[in-house]
Structures are given as C-alpha cells and as structure tokens.
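**Q** from the sequence below, what's the structure:
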Amino acid sequence: MNKFQSTKIFDGYSTVFRQWRAEGTHCKFLHGYGISFKIVFEGDLEERNWVWDFGGMKRAKTWIDGMQPKEWMDYMFDHTFLVAQDDPFLESFKKMDEAGVAQLRILPATGAEQFAKFIYDKVNKFVLEETKNRVRVVSVEFMEHGKNTAIYGE
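**A** Numbers count the residues shown, from 1 in each chain. Below is the predicted model of the structure:
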C-alpha cells in the first residue's frame, strides 16, 4: 500500500558539544554549530489532505518529556550544551550548568548520528501518539552548519 510523505525542517539552533571518544581529532574538544534537522513523516492523509500539519508541533495535544513539542526542541537545542551521559568530565560540566554559564542537556551519546537517532526516537513516539498511529517518522536528518549531515531511520 502506498503512503504519502512530507518533510519539515527545524532550524535556528545553536549548540555546543564534544565527542569525548574522538581521540586524535578536534571533535574531542568543545565546539559549537548552527544545527538543524529535517524530519520525514509518512502516513495516510487526514481530512485536510495533509500527512502532517507543518505547524503541528506548536498545536499538538501530546507532549515530549512533559513539554509542548516546539518548547522541547528549543529546550534541547537552542543555545545548549549537549553532553554524553558517559562523558568523563560530566561532573565538571554539571558545575558549569549550576553556575549558570551553560544550559546542560545530558543525552545517551553525542555526535550527528546519535543526535539524529535521539530526535527520531523522541519525535516518532510523539507523532504516533498524536496521530493515533496514522503517521510515523521515516527518518531524521541532523545537520551541522549545513555541510555535514547524518540520517537515522528504521
């Protein structure tokens, strides 16, 4: 059976992170990027002939981690410091957050590929619930400064 697809790009986020396991590269250091991500939605059309309401993140009744979806995206990615939960300097980074010099967000892992998977997992669960399984997320493409991308999908 054929399904319709639509995409939405979320952009305008500035984040800092590091890949602490990236010995031998500059990625092991704290560095920042302008990031964006593109989500591909797939499903049957609803009564307005839409797969996904492009403004649906703002009007959703379902939340992500206790927040309205657009608010969650801003909380996670707008001027934040993303750190892997197993980073050996995590306690030092927590002190930066407590001192008010960083907005720390602790994730399972860091890097474009892991960010794509993290967003996919959160948003797909939200979309399935919000649409009562009519729509699913096919993939998330995470972009660093428009040059580097990583895609995750199932």
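
**Q** what's stretch 82-97 in contact with?
**A** Residues from elsewhere that reach stretch 82-97 (CB atoms under 8 Å, 6 or more residues apart in numbering): 15-20, 76, 81, 102-110, 115. All C-beta atoms are positioned from the backbone trio N, CA, C, and that covers glycine.

**Q** endpoint to endpoint, it covers what distance?
**A** This stretch, stretch 82-97, spans 11 Å end to end (CA to CA, to the nearest Å).

**Q** buried sites along it?
**A** Under the neighbour-count criterion of 16 or more other CB atoms under 10 Å, stretch 82-97 has L82, V83, A84, D87, F93, D97 buried.

**Q** next: stretch 65-79.
**A** Q68, P69, K70, W72, M73, D74, M76, F77.

**Q** same question, stretch 4-17
**A** Quick answer for stretch 4-17 (16+ other CB under 10 Å): S6, K8, F10, Y13, T15, V16, F17.

**Q** ok, now stretch 51-58?
**A** V51, W52, D53, G56, M57.

**Q** residues in contact with it?
**A** Against stretch 51-58 from outside (CB under 8 Å, 6+ apart): 4-6, 8, 10, 41-45, 59, 68-70, 73, 127, 130-131, 135.

**Q** using CSV, write out every CA atom in that stretch.
**A** This file holds the C-alpha atoms of stretch 51-58, laid out as CSV (Å, rounded to 0.1, in the frame of the first residue of the first chain):
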residue,chain,number,x,y,z
VAL,A,51,0.1,13.8,6.2
TRP,A,52,1.4,16.1,8.9
ASP,A,53,0.3,19.6,9.9
PHE,A,54,3.5,21.7,9.4
GLY,A,55,2.5,23.8,12.4
GLY,A,56,1.6,20.6,14.3
MET,A,57,4.4,20.9,16.8
LYS,A,58,3.0,24.2,18.1
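
**Q** which SSE is immediately downstream of the worst-scoring helix or strand of the chain on mean pLDDT?
**A** Least confident element among the helices and strands of the chain, by mean pLDDT, DSSP states H and E: helix 56-59 (a mean of 86). Using DSSP states H and E, the helix or strand that follows helix 56-59 in sequence is helix 69-77.
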